[in-house]
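A.B. asks: Okay, here's the prediction I keep looking at, along with the sequence it came from:
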Amino acid sequence: MAVNVETLEKLERKITLSVPLSAIQSEVDARLQKVARTVKMDGFRPGKVPMSVVAQRYGYSVQYEVLNDKVGEAFAAAVNEAELRVAGQPKITEKEGAPEGEAQFEAVFEVMPEVKIGDLAAAEVEKLSANVDDAAIDKTVDILRKQRRTFTERAAGEAAADGDRVTVDFEGKIDGETFSGGKAEDFQFLVGEGQMLKEFEDATRGMKVGESKTFPLAFPADYHGADVAGKTADFLVTVKKVEAPNLPEVNEEFVKTLGVEGGSVAALRDDIKKNLEREVKFRVQGRNKQAVMDALVSVAELDLPKASVQAEVGRLLEGARAELQQRGIKDAAKAEIPEDIFLPQAERRVRLGLVVAELVKTNNLQATAEQIKSHVEELASSYEKPEDVVRWYFGDRNRLAEVEAVVIENNVTEFVLGKAKVTDKAVSFEELMGQA
């Protein structure tokens, strides 16, 4: 029997589902018989409860379950016969005036859109490239030296400078009252390295042992401590110790502490270069991938399923609440967050997902087993025991699915770059890494 599909809007469809009442009753009877064999009731032996009693107690719930199952089966059969790809869940309501012996329902739902990808040759993409130079290697060596620095107490009368480790007592008050976490003794931090808020570091810089200072500090509105976020506190800080940093020399002894094979400074620099080149590769891929996705969206035409967009809004909303909870916001799960602020991002994600899926399908850009294996090995190569990391990835289907998604996106990126109008742009290592 042909399925009559009615178009309501761009992607919205409606079909009528018919379910024979005899089929419903037959299934209800079969399920009640099964329940009767195991149900326990006071006054009856197991398996000996009369069917009339079983039906009275369980009949409504069993009938509800059967009806849902039969309607679901009818809907699945109908959309399969009509060759429709459904987006989201259908809204099913009972229809009045059904023929005798039948129950009828109307199912309203959305279908997946037709995706039209325009001429990729007309798309413009800026393709980035970057190299790892000696300055980048030098900067990484300096970071490694800082990680292994020691400290020596400064001479009396010497002021605290950037890079110094200071030991302080402090107390902060808001409206004259000390707040939770606002007081500490023998507290250590490094000046000028962002471990404290800027006003705190600025106040401490230049102070000497034994000196005290009072200063105001305005907590940012998004500060992790919800009780003080957006408020201004008055702080009293007293410096008890100032220690200057001592950086180790870059020699073979220093290299050995890092566990670098070869033990020479040259081997260290080679190792750093390989790691930086790997990081540069991933960052360049990420930036180029973003440019390609922007280009894809600009040349694609499609209608967005409202159900898919709403589902994506729900995921973004859930993620926002989880982030608030991690930042210590009370009752984050109940936070009033307007859904419409996520709508543009949700629409873009759905649009991009549909466009990429269409491009992958029509151009056979699926990830191969060799590509997935190669990508996992590349990710693992930066770890001390790569073979353990490889096993970790291949030991879980979800982790492999994430790798597969990345590989597919890389395939799409390379495919589009091979078709589009590409402008090459070289960027510095600092700019790529967000240091400039």
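C.D. replies: It's in.
A.B. asks: Against Val297, how distant is Thr423?
C.D. replies: Thr423 sits 18 Å away from Val297, taking CB to CB, to the nearest Å as the criterion. Placement of C-beta: from N, CA and C, glycine included.
A.B. asks: what about the strands in the stretch 51-200 of the chain?
C.D. replies: With DSSP state E, counting those that start in this stretch applied, the stretch 51-200 of the chain shows strands at 86-95, 102-111, 116-117, 124-129, 150-153, 165-174, 177-190, listed in chain order.
A.B. asks: ok, back up a step: more crowded one of Thr423 and Val297?
C.D. replies: Just comparing Thr423 and Val297: by other CB atoms under 10 Å the higher neighbour count belongs to Val297, 15 against 11.
A.B. asks: From the contact counts, what lies against whatever helix or strand that one lives in?
C.D. replies: Element membership of Val297, judged by DSSP states H and E, is helix 265-299. Under the contact definition 3 or more CB pairs under 8 Å, 6 or more residues apart in numbering; DSSP states H and E, helix 265-299 sits against strand 124-129, helix 134-147, helix 252-257, helix 343-363, helix 397-417, helix 429-432.
A.B. asks: ok, and what's touching the helix or strand that that helix is followed by?
C.D. replies: On the C-terminal side of helix 265-299, the closest following helix or strand by DSSP H and E is strand 300-301. Residues outside strand 300-301 that contact it (CB atoms under 8 Å, 6 or more residues apart in numbering): Val115, Lys116, Ile117, Gly118, Arg351, Val355.
A.B. asks: Could I get the average pLDDT for strand 300-301?
C.D. replies: Regarding strand 300-301, the rounded mean pLDDT is 92.
A.B. asks: Report the angle between whichever helix or strand comes after that strand and helix 343-363.
C.D. replies: Read in the C-terminal direction, the helix or strand following strand 300-301 is helix 306-326, with elements assigned using DSSP H and E. Calculated by axes from the mean of the first three to the mean of the last three CA atoms, to 10 degrees, helix 306-326 forms an angle of 120 degrees with helix 343-363.
A.B. asks: that older thread, what subset of the contacts of strand 300-301 is buried?
C.D. replies: Val115, Ile117, Arg351, Val355 (16 or more other CB atoms under 10 Å).
A.B. asks: Closest one of those to Lys198?
C.D. replies: Distance to Lys198, by CB to CB, is smallest for Arg351 among the buried ones among the contacts of strand 300-301, at 40.1 Å.
A.B. asks: Residue ranges in the chain under the pLDDT threshold?
C.D. replies: Regions of the chain meeting the criterion pLDDT under 70 cover residues 1-2, 435-436.
A.B. asks: show me the contacts for the closest residue to Gly172 other than its chain neighbours.
C.D. replies: Leaving aside its sequence neighbours, Gly172 sits nearest to Gly182 (CB to CB, 6 or more residues apart in numbering; 3.6 Å). Remark: with contacts taken as CB under 8 Å, 6+ apart, Gly182 is in contact with Glu171, Gly172, Lys173, Ile174, Val228, Ala233, Phe235.
A.B. asks: Next, work out how far apart the residue positioned nearest the centre of the chain and Gln325 are.
C.D. replies: The structure's the chain has its C-alpha centroid closest to Gly319; by CA atoms, centre = their mean the separation is 7.8 Å. Separation of Gly319 from Gln325 (CB to CB): 11 Å.
A.B. asks: Likewise for Ser18?
C.D. replies: The spacing between Ser18 and Gln325, counted by CB to CB, is 48 Å.
A.B. asks: now do Ala218
C.D. replies: Distance, Ala218 to Gln325, using CB to CB: 25 Å.
A.B. asks: Export the strands of the stretch 51-200 of the chain to JSON lines and append columns for distance to Ala267.
C.D. replies: Supplementary listing: those in JSON lines, determined by distance: least, CB to CB, whole Å:
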{"stretch": "strand 86-95", "distance to Ala267": "56"}
{"stretch": "strand 102-111", "distance to Ala267": "60"}
{"stretch": "strand 116-117", "distance to Ala267": "49"}
{"stretch": "strand 124-129", "distance to Ala267": "27"}
{"stretch": "strand 150-153", "distance to Ala267": "24"}
{"stretch": "strand 165-174", "distance to Ala267": "31"}
{"stretch": "strand 177-190", "distance to Ala267": "30"}
